[in-house]
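Undergrad: show me how the following folds:
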Amino acid sequence: MKKIIFLLTAFGVLLGASSAYADTSVKLQLHNRTDGVPLEATTDAEPELKNNRLMVPLRVISEHLGARVLWTGKEVVLAKGDKTITLRPGSGTAEVNGEQTGLDAEPYVKNGRVMVPLRFVAEVFDCDVRYENQTVTVATKPFAIDGVEAAAFQYETFATLGSMVEQIVGNSHIEAIYHALEAGKGEKAEAPASVAPKGMLAATGDWYRVQIFDFIDRDGNSIRNYVLCNKMTASDEPSPGYFLIYAAHEDQWYKIGEEAVFGVWQLESTAERHGYWLLVENTAP
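TA: All right, here's what the predicted structure looks like:
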């Protein structure tokens, strides 16, 4: 797999850092894209060394490894899959799924940015971390559904005429979106009486397709398919407060809250912003 390179700014070596890091620029390589296409990105805060540990802005972890973040001002909680990490600035211990463990370098806040130990967080999230020739590499694992590796999360967004088909190709982002969809499904629902045909305006009170979601394998076959629908309401009528989603592998409709849907869209946007996005087709005028 080709290396995905994030060129980070040169940083000064703190007292006690090993000579291997001294006065050098360090590259952070992230092996995350399913197609191996290299990326280059920058951070809004310089990485630093603490006790020979590379400290990076929390945003690097959360946005490139697909982790959800809660920052209370006193502690930060990162969640990805079945793993939850709690870190506290100035503390030499962390919690992983509620169990305490020691840290080689304490998180801290600098210029409004929370700095966390890259190796610790990445390895808890099952990434492989290595250092060689002034380069730190972080490799994510392919995400599999029912034993089949997902090559992309594909989503088709409908306009009045035509549609846009896009893909997310980051291992960690595919995983995060899948878990967000599955966790977001609420109570079971009856199939809507009617769904407006693709490309047609829905009448007031009818449901219409917003997006079709597909998790696809390396041969382009669908592993999981979902259809997201919204209700057309009058201008003076409140929205129902939820969407409907059809899970094809279960042949079942569910209610899914607006917050869950907006969360999926946010994950799509984050992945696109950092280069884990491909445009497949655009037929919208």
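
Undergrad: mind listing what the nearest residue to residue 237 once chain neighbours are set aside touches?
TA: If the residues on either side of it in the chain are set aside, residue 237 comes closest to residue 204, at 7.9 Å by CB to CB, 6 or more residues apart in numbering. Where you see a C-beta, it was placed from the backbone N, CA and C, and this is true even at glycine. If you count contacts by CB atoms under 8 Å, 6 or more residues apart in numbering, residue 204 has them with 232-234, 237.

Undergrad: hmm, who's touching the host helix or strand of residue 264?
TA: For residue 264, the host element (DSSP states H and E) is helix 258-273. Contacts to helix 258-273, defined as CB under 8 Å, 6+ apart, come from residues 63, 66, 155, 166, 168, 170, 173, 176-177, 180-181, 183-184, 228, 239, 241-243, 277.

Undergrad: so which bits of that helix are buried?
TA: Across helix 258-273, burial judged by 16 or more other CB atoms under 10 Å covers 260-261, 263-265, 267-268, 270-271.

Undergrad: can these go into TSV with extra columns for distance to residue 109 and pLDDT?
TA: Converted to TSV, the buried residues of helix 258-273 look like this (distance: CB to CB, whole Å; pLDDT from 0 to 100):
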residue	distance to residue 109	pLDDT
260	30	95
261	32	97
263	26	93
264	30	95
265	29	95
267	26	93
268	29	95
270	22	91
271	27	93
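
Undergrad: now flag whichever of the residues you listed is closest to residue 31.
TA: Set against residue 31, the nearest of those by CB to CB is residue 271 (15.8 Å).

Undergrad: so what's the nearest residue in space to the closest one that is not next to it in sequence up against?
TA: Nearest residue to residue 271, sequence neighbours excluded (CB to CB, 6+ apart): residue 173, at 4.1 Å. Residue 173 makes contacts with 66, 153, 267, 270-271, 276, as judged by CB under 8 Å, 6+ apart.

Undergrad: contact partners for the closest residue to residue 226 other than its chain neighbours?
TA: In space, and not counting its chain neighbours, residue 226 is closest to residue 213: 4.2 Å by CB to CB, 6+ apart. Each residue near residue 213 by CB under 8 Å, 6+ apart is listed here: 153-155, 181, 224-228.

Undergrad: picking that back up, of the buried residues of helix 258-273, which is the nearest to residue 51?
TA: Closest approach between the buried residues of helix 258-273 and residue 51, by CB to CB: residue 270, at 30.4 Å.

Undergrad: quick check: pLDDT value at residue 29.
TA: pLDDT, residue 29: 79.

Undergrad: and the contacts of residue 213, which are buried?
TA: Looks like these have 153-155, 181, 224, 226-228 buried, using 16+ other CB under 10 Å.

Undergrad: so which of those sit within strands?
TA: Counting by DSSP state E, the part of those found in strands is 153-155, 224, 226-228.

Undergrad: now those in a markdown table, with pLDDT and distance to residue 71?
TA: Supplementary listing: those in a markdown table, determined by pLDDT from 0 to 100; distance: CB to CB, whole Å:
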| residue | pLDDT | distance to residue 71 |
| --- | --- | --- |
| 153 | 98 | 26 |
| 154 | 98 | 32 |
| 155 | 98 | 28 |
| 224 | 98 | 31 |
| 226 | 98 | 30 |
| 227 | 97 | 35 |
| 228 | 97 | 29 |
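
Undergrad: now do the buried residues in the helix or strand where residue 28 lies.
TA: Using DSSP H and E, residue 28 sits within strand 27-31. Of the residues in strand 27-31, 28-31 count as buried by neighbour count, 16+ other CB under 10 Å.

Undergrad: just the residues you listed now: which is nearest residue 132?
TA: Closest to residue 132, out of all of the buried residues of strand 27-31 and judged by CB to CB, is residue 29, at 10.0 Å.

Undergrad: surely that closest one and residue 140 touch.
TA: No. Between residue 29 and residue 140 there is no contact under CB atoms under 8 Å: 11.7 Å.

Undergrad: tell me where the stretch 1-150 of the chain has helices.
TA: 58-64, 118-124 (DSSP state H, counting those that start in this stretch).

Undergrad: tell me how far residue 46 lies from residue 111.
TA: Separation of residue 46 from residue 111 (CB to CB, to the nearest Å): 9 Å.
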